[in-house]
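> generate a structure from the sequence data that follows.
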Amino acid sequence: MQYLKIKDEILLQIEAGSLLTSGQKLTSGQKLTSERKLAESFNTTRVTLREALSLLESEGKVYRENRRGWFISPAPLRYDPTNTTNFHNLALSQQRIPKTELISASMVSADKHIARLLQIAQQTEVIRIHRVRYLDERPVVLVTNYVLPDRFPNLLSHDLSASLTDIYQQHYNILYQQTHYRIRSSSLVADTAAALRATSGCAAMYIERVNYDQHGQLLDCDLEYWRHDAVIIEAQAIRQ
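Prediction:
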């Protein structure tokens, strides 16, 4: 099929660092030339070209930004669920530039799902912190934290664009000690897609965490929607 041949050819050229059909030099995070020009260079239709690009997107080689076009995917962030390192330090350790943008922070009533995760009654008030995190100026993950307010008085007065891990430790003497993870495939839609500059329906990795302190007491939970090409899960198991 033609789109498979085009997909393989584009992949070879990405790995070689140049799109020979257009003479474009390719580097991580760089925008590809327009679909129209790419289709012309491969002597194909835009429909066929999009099929090829969509396959490359599913493999994490390229990504789309809504109304902006196609880009070369940077190397994914290596994410070890067994490690409690915060996002900022994790990114720096991999020579990436992190940034966190606060969207909103307020008291809300826990819905059925959040109440179950936090082991509280439905409609109990919790702190909701809604943030977007960036790697090298690219939005890669939308994170919503739900925090038990009794554990963190006046939490909303702090700079919540900073690491919650650091705020907990520095101001409340509380450490993340244990986390329960649930990871599954998902998609980005509506506000989730818009926050990450993605097209609606784009593949995503969903990570749900429930966090406990050094005494085994429940602290909070967070729901993370990652661009699927921006993260890879890695962990090392040691057999006893």
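
> compute the first-to-last residue distance for stretch 11-26.
In stretch 11-26, first residue to last residue: 11 Å (C-alpha to C-alpha, to the nearest Å).

> hmm, I typed the wrong one, I wanted stretch 17-30.
11 Å.

> nearest residue to residue 117 in space, please, no chain neighbours.
With sequence-adjacent residues excluded and distances taken as C-beta to C-beta, 6 or more residues apart in numbering, residue 117 is closest to residue 221, at 4.3 Å. Heads up, the C-betas are built off the backbone N, CA and C, glycines and all.

> mind checking the longest helix of this protein?
Of all segments of type helix in the chain, defined using DSSP state H, the longest is helix 2-16.

> can you point out the buried residues in that one?
Within helix 2-16, the residues that count as buried by 16 or more other C-beta atoms under 10 Å are 3, 6-7, 10-11, 13-14.

> with stretch 30-37 instead?
In terms of neighbour count (16+ other C-beta under 10 Å), stretch 30-37 has its buried residues at 32-33.

> show the end-to-end separation of it, please.
For stretch 30-37, the separation between the terminal residues is 16 Å (C-alpha to C-alpha).

> just checking, residue 27 touches residue 72?
Yes: Residue 27 lies in contact with residue 72 (C-beta atoms under 8 Å); the separation is 6.8 Å.

> more crowded one of these two?
residue 72 (18 against 10; other C-beta atoms under 10 Å).

> for the more buried one, give the beta-bridge partners.
Residue 72 has these beta-bridge partners by DSSP bridges: residue 62.
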